[in-house]
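# predicted model follows, preceded by the sequence.
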Amino acid sequence: DFGCGKSYLTFATHHLLATLLQRDCRITGLDRRDDVVATCRRISSDLQLPELQFQAGEISGFVPECPPDLVVSLHACDTATDDALAQAVHWQASVVLAVPCCQHEMHSLMQTSPLGPVTDFGITRERFCALATDAIRAALMTAAGYSVQLLEFIDMEHTPKNILLRCVRRRSADSPAVRAAALQKARDLRRSLALPPLRLERLLFPEPADSHAAEACT
């Protein structure tokens, strides 16, 4: 569980898998705050759940004991969601469930826009950037070999950050053309907004630095 925070989701996931479904599992919650991790460790110890562990650190570069089957991320801020998705792809995780939170990367890069009044106002610009970012993420995960759905996982009255990226790794061999088309769609949308490669694209499909420079010039 990347960006686990107070770990409500981590403990709930453990209860679902270990208690309700009676499955053997090991779950790691990762957060950058030492005090939060210390609290979660104390609760896990009090509940005698040795298979539920917590570590302090950054998502990018995290090394697990073994590649995980399931990666979850609930409201990891800004590009932390991209780090979680990229790590999951790197490990070839079978399932990825990610609910993004604030998304500042595209918003900060969109100094000029061909979309006129859509991006002229703060609230519409913020919402458009969030939707466009998630659409690009979905296409990039498809290009990485996953079947992807964008779902509204909970009512808006509970949280406005309610779009879930559900990614299931495809078992059968993918047509290279299908994956290439998904990558092209992501890049076409990003280029239509006059943006450089965003973090997830840079992590999953890095290009030579000179190509980025040429793209910026165009």
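Right, received. Where do you want to start?

# going forward, measure contacts between C-alpha atoms and count neighbours the same way
OK.

# for this structure, which residue occupies the most central location?
By Cα atoms, centre = their mean, the chain has its centre lying nearest to residue 81, at 3.3 Å.

# how close does it sit to residue 180?
Distance from residue 81 to residue 180, counting by Cα to Cα, to the nearest Å: 23 Å.

# returning to what we had before: just the pLDDT for the residue nearest to the centre of the chain.
As predicted, residue 81 sits at a pLDDT of 92.

# would you map the helices across the protein?
Along the chain, counting by DSSP state H, helices occupy 8-14, 34-46, 80-91, 105-109, 117-120, 122-143, 176-192, 199-204, 209-217.

# neighbouring contacts of the third one?
Pointing back at helix 80-91 there. Residues from elsewhere that reach helix 80-91, judged by Cα atoms under 8 Å, 6 or more residues apart in numbering: 2-3, 59-61, 67-68, 71, 73, 75, 96, 98-100, 137, 141, 144, 199-200, 203-204.

# okay, and the beta partners of residue 31?
For residue 31, the beta-bridge partners are residue 56 (DSSP bridges).

# what about it, how many residues close to it?
If you count neighbours by other Cα atoms under 10 Å, residue 31 ends up with 23.

# is it true that it touches residue 2?
Yes - with contact defined as Cα atoms under 8 Å, residue 31 reaches residue 2; the gap is 6.7 Å.

# mind listing the shared neighbours of these two?
Shared contacts of residue 31 and residue 2, counting by Cα under 8 Å, 6+ apart, come down to residue 59.

# tell me the spacing between the closest residue to residue 114 other than its chain neighbours and residue 86.
Spatial nearest neighbour of residue 114, chain neighbours left out: residue 193 (6.7 Å); criterion: Cα to Cα, 6 or more residues apart in numbering. For residue 193, the distance to residue 86 equals 23 Å [Cα to Cα].

# these two - which one has more neighbours?
It is residue 86, of residue 193 and residue 86, that has more neighbours when counted by other Cα under 10 Å, with 23 against 17.

# quick check, pLDDT for that one.
pLDDT, residue 86: 95.

# residue 32 now?
For residue 32, the pLDDT comes out at 89.

# got the phi and psi for it?
Backbone dihedrals for residue 32, given as degrees, to the nearest 10, come out at phi -80, psi -10.

# next, count neighbours for it.
Using other Cα under 10 Å, the number of residues around residue 32 comes to 16.

# which residues sit in contact with residue 139?
Residue 139 makes contact with 182, 183, 185, 186, according to Cα under 8 Å, 6+ apart.

# you'd agree the first one is up against residue 142?
Yes - the pair residue 182 and residue 142 passes the contact test of Cα under 8 Å, sitting 6.2 Å apart.

# of those two, who's got more company?
Neighbour count, other Cα under 10 Å: between residue 182 and residue 142, residue 142 has more, with 24 against 20.

# quick one, phi/psi of the nearest residue to residue 112 once chain neighbours are set aside?
Excluding the flanking residues, the one nearest residue 112 by Cα to Cα, 6+ apart is residue 194, at 8.0 Å. Torsion angles at residue 194 (phi, psi; degrees, to the nearest 10) stand at phi 60, psi 40.
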